[in-house]
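*Asks:* Provided below are the primary sequence and the corresponding predicted coordinates.
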Amino acid sequence: MTEKTGLVFVLIPGGAFLMGAEQARLGIASRTEDTGLRVERVLEGSVASRMGLQIGDVLLNLNEQPVRSPTEVLALLRPLAAGETVVVQVRRGSETRSFSAELGPNVEPNAAPNESPVQEITLTGFLFSKYEMTQGQWLCFAAENPVYWRPGSVFDGRVLDLRHPVELVSWEDCQEILGRLGLVLPTEAQWEYAARAGTRTVWWTGNDEKSLRGAANVADGDGYTLHAPVGSFEANAFGLHDVVGNVWEWCRDGYGSYDLAWKEGDGERQVLGPAAACFAAGVMTATARRCVPQNETTSIRASATLA
């Protein structure tokens, strides 16, 4: 990758995937009694159902003491992620018993409420930029370089150049510049599908944050406390760089709930009425999202839908 490299695209194959993330949930209704938190209902198909929990069970913590509130249950579950095993102890009659079940896909310890409910989305194939757009590329397309950290700037002993991502562009400007090139911003569904690259873990590298070493610029002692030149870290299974860390990236959709209808083919969210804000995706996990005004500024990665 040089300062004069043009846009490089990867053909992303179409397919179905589970979009979004949620925190681990047992799937019970309960009430607090003097003896602890007692199960009143077990939701069908839930983790508790697969464990074999029953109405009347009293939840215990790992020290076999009664759980007194739902908050304590959340504390037991919050550190767990997809594919890991949740273990719950209960008092059933005069016996203390232990139950376990493996958590399903797209469970993330720090999933935000706006990242759920998890939905199955089917996409057709599309082209997706291998890298975040560089300052050099934006300068070529827009004849300006609207960044705070300009080429030649020195930050923490490193000299920035045109290979660093452009980081102060608005959603409207991205739409205009890409439109001139016959390109578009990716939808959120396309972005997450490409970032996951067939995985269902917190990051494409796995559930352990240590797995990000060498794969993402997240200010973890990797030598970059600011953004890094694009492509400095390992690519995911689709060959895409920096889909975790480095900078936020714009997506095409208006910001809205995952419950909204999706457009067939590219998965664009069908936001009713004018979109007051759009979102940027993916700075820490595959599903991180923010609601920001369209004139806010962040970075960009181009895409193209195949006819």
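*Replies:* Alright, I've got the coordinates. Numbering: from 1, shown residues only.

*Asks:* low-confidence stretches in this protein?
*Replies:* 220-222, 272-288, 290-297, 307 (pLDDT under 70).

*Asks:* which parts of it are helices?
*Replies:* 47-51, 70-77, 135-142, 171-180, 188-196 (DSSP state H).

*Asks:* relative to Leu18, which of these is closest?
*Replies:* Closest approach to Leu18 among those is made by helix 188-196 (8.9 Å; CB to CB). The way it works is simple: take the backbone N, C-alpha and C, and place the C-beta from them, glycine included.

*Asks:* picking up where we left off before, and the helices of the chain, which is most packed in?
*Replies:* Neighbour counts (mean count of other CB atoms under 10 Å) averaged over each of the helices of the chain peak at helix 188-196, with a mean of 27.

*Asks:* so Ile300 touches Trp250, yeah?
*Replies:* Yes - here Ile300 reaches Trp250: they are 5.5 Å apart, a contact under CB atoms under 8 Å.

*Asks:* joint contacts of those two?
*Replies:* With contacts taken as CB atoms under 8 Å, 6 or more residues apart in numbering, Ile300 and Trp250 have 169, 174, 185 as neighbours in common.

*Asks:* let's have the residues you listed in CSV, adding distance to Arg91.
*Replies:* Formatted as CSV, the shared contacts of Ile300 and Trp250 follow (distance: CB to CB, whole Å):
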residue, distance to Arg91
Val169, 58
Cys174, 57
Leu185, 54
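
*Asks:* care to break the protein down by domain?
*Replies:* Domain assignment for the chain by automatic domain parsing gives 9-20+112-305, 28-102.

*Asks:* just name the most buried of these.
*Replies:* Greatest average neighbour count among those goes to domain 9-20+112-305 (a mean of 19), per mean count of other CB under 10 Å.

*Asks:* just list the residues touching Arg41, thanks.
*Replies:* With CB under 8 Å, 6+ apart, Arg41 has these contacts: 28-29, 55.

*Asks:* of the residues you listed, which belong to strands?
*Replies:* Applying DSSP state E to those, the entries found in strands are 28-29.

*Asks:* relative to Pro79, which of the contacts of Arg41 is nearest.
*Replies:* After measuring the contacts of Arg41 against Pro79 - CB to CB - the closest member comes out as Ile28, at 19.1 Å.

*Asks:* so Gly182 versus Leu123, what's the distance?
*Replies:* Noted for Gly182: a distance of 20 Å to Leu123, by CB to CB, to the nearest Å.

*Asks:* quick one: the spatially closest residue to Met51 that is not a sequence neighbour from Ala228, how far?
*Replies:* With CB to CB, 6 or more residues apart in numbering as the criterion, Met51 has its nearest non-adjacent residue at 3.9 Å, and that residue is Phe99. According to CB to CB, Phe99 stands 45 Å off from Ala228.

*Asks:* ok, now Ser299?
*Replies:* In terms of CB to CB, Ser299 sits 12 Å off from Ala228.

*Asks:* what residues are shared contacts of those two?
*Replies:* Asn246.

*Asks:* need the helices of the chain in TSV with distance to Val39, can you?
*Replies:* Below are the helices of the chain laid out as TSV (distance: least, CB to CB, whole Å):
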stretch	distance to Val39
helix 47-51	8
helix 70-77	11
helix 135-142	56
helix 171-180	47
helix 188-196	34
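
*Asks:* wait, doesn't the residue nearest to Met51 sit right on Ser49?
*Replies:* No - in this structure, Phe99 is not within contact of Ser49 by CB under 8 Å, at 10.7 Å.

*Asks:* if I pick Gly198, what's in contact with it?
*Replies:* Applying CB under 8 Å, 6+ apart, the residues contacting Gly198 are 17, 237-238.

*Asks:* brain fart, Pro146
*Replies:* Counting by CB under 8 Å, 6+ apart, Pro146 has contacts 138, 166, 168-169, 297.

*Asks:* with distance to Val218 as added columns, please give the residues you listed in JSON lines.
*Replies:* Formatted as JSON lines, the contacts of Pro146 follow (distance: CB to CB, whole Å):
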{"residue": "Trp138", "distance to Val218": "23"}
{"residue": "Val166", "distance to Val218": "20"}
{"residue": "Leu168", "distance to Val218": "21"}
{"residue": "Val169", "distance to Val218": "22"}
{"residue": "Thr297", "distance to Val218": "21"}
